[in-house]
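Peer 1: got a predicted structure plus its sequence, pasted below:
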Amino acid sequence: MISGLPESTLRYYEQIGIIDPIARDPSSGHRAYTDEDIQSLVTISCLSATGMPLEAMREYLKNRFDGTEGARRQMELLDAQTLRLAAKAESIRMQQAYVSLKTLYWRAVAEGHDDEAQRLLEENHDVIETVKNHIRNKTDA
């Protein structure tokens, strides 16, 4: 499919109203996508790749035809997605810092430098606590 979305996802998006029902070819019964359908699906595929929630994608598609007011709502949706992505990027940076710290820790242990290993844990207590809090927050959600 040109949109990059699997057929099962296309059927699901149609079922939940993200996309309008797709016309079917009368002779084969297969879906017959118009250029407009394909353009919408490419947009959805791009939004999906950013992790945008389904409800926001639905609203995004509706806003496209609402002139300046729709444009304002589009900016709000995209600003919200930017914040979600920034939070995800920060989480990944913290995870990388944690892995780097643990690598240094275990290297010190492997080389018999227990005092260095302990110092690393003490100096990087904030990194460890941030990752633990992040895990707690995910399990509470």
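Peer 2: Everything's here; your move.

Peer 1: outside of stretch 93-105 itself, list whatever touches it.
Peer 2: Ala117, Leu120, Leu121, Asn124, Val127, Ile128, Thr130, Val131, His134 (Cβ atoms under 8 Å, 6 or more residues apart in numbering). To be clear about C-beta, it is placed using only N, CA and C from the backbone, and glycine gets the same treatment.

Peer 1: residue contacts, the residue positioned nearest the centre of the chain?
Peer 2: The centre of the chain sits closest to Gly51, judged by Cα atoms, centre = their mean, with a distance of 2.6 Å. By Cβ under 8 Å, 6+ apart, the contact list for Gly51 reads Gln81, Arg84, Leu85, Lys88.

Peer 1: can you classify it as helix, strand or coil?
Peer 2: coil (DSSP: H, G, I helix; E, B strand; the rest coil).

Peer 1: residue boundaries of the helices in this structure?
Peer 2: Residue ranges of the helices in the chain, as given by DSSP state H, are 7-15, 35-49, 54-63, 67-110, 114-123, 125-140.

Peer 1: hey, least reliable of the ones you listed by pLDDT?
Peer 2: Among the helices of the chain, helix 125-140 carries the lowest mean pLDDT, at a mean of 81.

Peer 1: give me every residue that touches Arg64.
Peer 2: Applying Cβ under 8 Å, 6+ apart, the residues contacting Arg64 are Gly70, Gln74.
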